[in-house]
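Chemist: let me see the structure of the following:
(2 chains)
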Amino acid sequence: EVQLLESGGGLVQPGGSLRLSCAASGFIYSNYAMSWVRQAPGKGLEWVSTISGNDGSTYYADAVKGRFTISRDNSKNTLCLQMNSLRAEDTAVYYCAKDGVGGANWFDPWGQGTLVTVSS
Amino acid sequence: DIQMTQSPSSVSASVGDRVTITCRASQGISSWLAWYQQKPGKAPKFLIYAASSLQSGVPSRFSGSGSGTDFTLTISSLQPEDFATYYCQQANSFPFTFGQGTRLEIK
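Modeler: As a prediction, the model looks like this:
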């Protein structure tokens, strides 16, 4: 069974940093792209970033480009999101997700999410 | 960026009803479309991919159709567990974008 378990969320002041992690199991991790998707309280879903499985190519939403860095460790089956210069509008539940069927850029499954709150 | 617009934003229906949700892309995305279901406090669940392919384990009362810019999600006979929020997502190109969601409520 595929499992994704996020950690690292919490309360951080504006301008601060936070590092999220996602532990993956139940599949050949290096074969799949992995992504972060967030959801602000009471709002819809917003794609944040994707990293490919093999060559490590990375992609970012404009809203986080230059502030967030996605990375992966294929030896440890882990995905990370380093978040710097955090803003109030980054407050959200952050989900990690695996590339879906066919290796296309849909998301399946999703982790349970970790809440990031940016506030003074 | 490709904008995804869902309609309606919310709909009230009864158990047994047939419901259709529409998703429109601001430019053609072929069949690079997925649908998700989300219940309060839970992560989204993957339902349909490639516009019309049902993910394994998803009940057959769910179906998807469309290509290019116009897509639909249909639930043929609503069950109590189907009341949730539904999102479409384009997987054609970065940045991946979602519709704003359709909340399906019990009448």
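Chemist: spatially nearest residue to B:Thr69 (excluding sequence neighbours)?
Modeler: Leaving aside its sequence neighbours, B:Thr69 sits nearest to B:Ala25 (C-beta to C-beta, 6 or more residues apart in numbering or on different chains; 4.7 Å). C-betas here are computed from N, CA, C, even on glycine.
Chemist: whoops, B:Ser14 was the one
Modeler: B:Lys107 (4.7 Å).
Chemist: you'd agree that neighbour is up against B:Ser10?
Modeler: No. B:Lys107 lies out of contact with B:Ser10 (C-beta atoms under 8 Å); the separation is 11.5 Å.
Chemist: tell me how far the most centrally placed residue in chain A lies from B:Ala84.
Modeler: In chain A, the centroid-proximal residue (C-alpha atoms, centre = their mean) is A:Trp36; its distance is 2.7 Å. Distance, A:Trp36 to B:Ala84, by C-beta to C-beta, to the nearest Å: 22 Å.
Chemist: likewise for B:Leu47?
Modeler: Distance of B:Leu47 to B:Ala84, computed by C-beta to C-beta: 10 Å.
Chemist: neighbour count: those two, which is higher?
Modeler: Neighbour totals were compared for B:Leu47 and B:Ala84, and B:Leu47 leads with 22 against 18 (other C-beta atoms under 10 Å in any protein chain shown).
Chemist: centroid residue for chain B?
Modeler: The residue lying closest to the centre of chain B (C-alpha atoms, centre = their mean) is B:Trp35, at 4.0 Å.
Chemist: isn't there a helix covering B:Gly66?
Modeler: No. Counting by DSSP: H, G, I helix; E, B strand; the rest coil, B:Gly66 is not found in a helix; it is strand.
Chemist: beta partners of the residue nearest to B:Thr69?
Modeler: B:Met4 (DSSP bridges).
Chemist: got a pLDDT number for it?
Modeler: Listed pLDDT for B:Ala25 reads 98.
Chemist: give me the contacts around stretch B:38-50.
Modeler: The contact list for stretch B:38-50 (C-beta atoms under 8 Å, 6 or more residues apart in numbering or on different chains) reads A:45, A:95, A:100-102, A:104, A:106-113, B:31-37, B:54-55, B:58, B:62-64, B:73, B:84-87, B:91, B:101.
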